[in-house]
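Engineer: need a 3D model of the sequence below.
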Amino acid sequence: MGTLYEDIIDYGGEVFGKEHLETLRECVQCGKCTGGCPSGRNTAFRTRKLMQMALVDMREEIFNAPELWFCSTCYTCYERCPKGVKVTDIIRTIRNLAAKEGHMSVPHRMIGVYVLKTGHAVPIGPAQMELREAVGLESQPPTAQHPQNKEQLEQVQTIFKTTGYDAMIDFDWDTMNLKGMDKGGKK
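Structural biologist: Predicted coordinates for the structure are as follows:
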């Protein structure tokens, strides 16, 4: 483990290419990324601040910052940066490093739970099922969540097990929830 900058380049370089992520060094803290950020209009998310934290090696602070997870990956910052800093991909890499080191927000971990249980990040609920039936559709679309497609859901679960994602989110196969939570999602 080197500096956060070095880890971003090494770890994310496999996906995005090292030169792509080395653009972080070009950041001049102008704030165009923050000024144009749709997520930043409604949250405490300040893109420029994350770039600064990455540059000055504030690993624990950035990994524990709730704002790290506020980025919607819309790429507005990417398009507006006058220096060509690949902001969104840098944030995605920092998130992956944070998750790898056990710093993943509960809401993001819960998305993994939903996918493991239903095959969907946002599973269809009773209200959506009623609405589908009201317009003449089957209550559930023919996806991994559909009871007839149990094999598809098992394939999704196999992918999670094979990649270790179930362990990364601290999933308990007995309760089908995060460890320490009951089947209803309560601690």
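
Engineer: can you tell me the closest non-neighbouring residue to the spatially most central residue of the chain?
Structural biologist: Nearest to the mean C-alpha position of the chain, by CA atoms, centre = their mean, lies His108 at 6.1 Å. Residue nearest to His108 in three dimensions, not counting chain neighbours: Trp69, with 5.9 Å by CB to CB, 6 or more residues apart in numbering. No exception for glycine: its C-beta is placed from N, CA and C like everyone else's.

Engineer: give the contact list for the one you found.
Structural biologist: 95, 105, 107-108 (CB atoms under 8 Å, 6 or more residues apart in numbering).

Engineer: just the strands in this protein please.
Structural biologist: Here the chain has its strands, by DSSP state E, at 171-172, 177-178.

Engineer: what's the closest of those to Pro126?
Structural biologist: Evaluated over these, closeness to Pro126 peaks at strand 177-178, with 19.6 Å, by CB to CB.

Engineer: can you tell me what sits against the closest one?
Structural biologist: Strand 177-178 has contacts (CB under 8 Å, 6+ apart) with 106, 109-110, 113, 169-172, 183, 185.

Engineer: which one of these is nearest to Val122?
Structural biologist: Ranked by distance to Val122 (CB to CB), the contacts of strand 177-178 are led by Met110 at 10.9 Å.

Engineer: want to throw the strands of the chain into CSV with mean neighbour count and distance to Lys32?
Structural biologist: Shown next, in CSV, are these (neighbours: other CB atoms under 10 Å; distance: least, CB to CB, whole Å):
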stretch, mean neighbour count, distance to Lys32
strand 171-172, 18, 39
strand 177-178, 18, 38
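
Engineer: so which residue of the protein lies furthest out from the middle?
Structural biologist: Centroid-distance maximum for the chain: Gly136 at 34.7 Å, with CA atoms, centre = their mean.

Engineer: distance of it from Pro126?
Structural biologist: Remark: distance between Gly136 and Pro126 (CB to CB, to the nearest Å) = 18 Å.

Engineer: just give me the neighbour total for Ala121.
Structural biologist: If you count neighbours by other CB atoms under 10 Å, Ala121 ends up with 11.

Engineer: what do you get for Leu24?
Structural biologist: 22.

Engineer: ditto for the one 5 residues further on
Structural biologist: Residues contacting Gln29 under the criterion other CB under 10 Å number 11.

Engineer: residues touching it, list them.
Structural biologist: Neighbour list for Gln29: 48, 51-52 [criterion: CB under 8 Å, 6+ apart].
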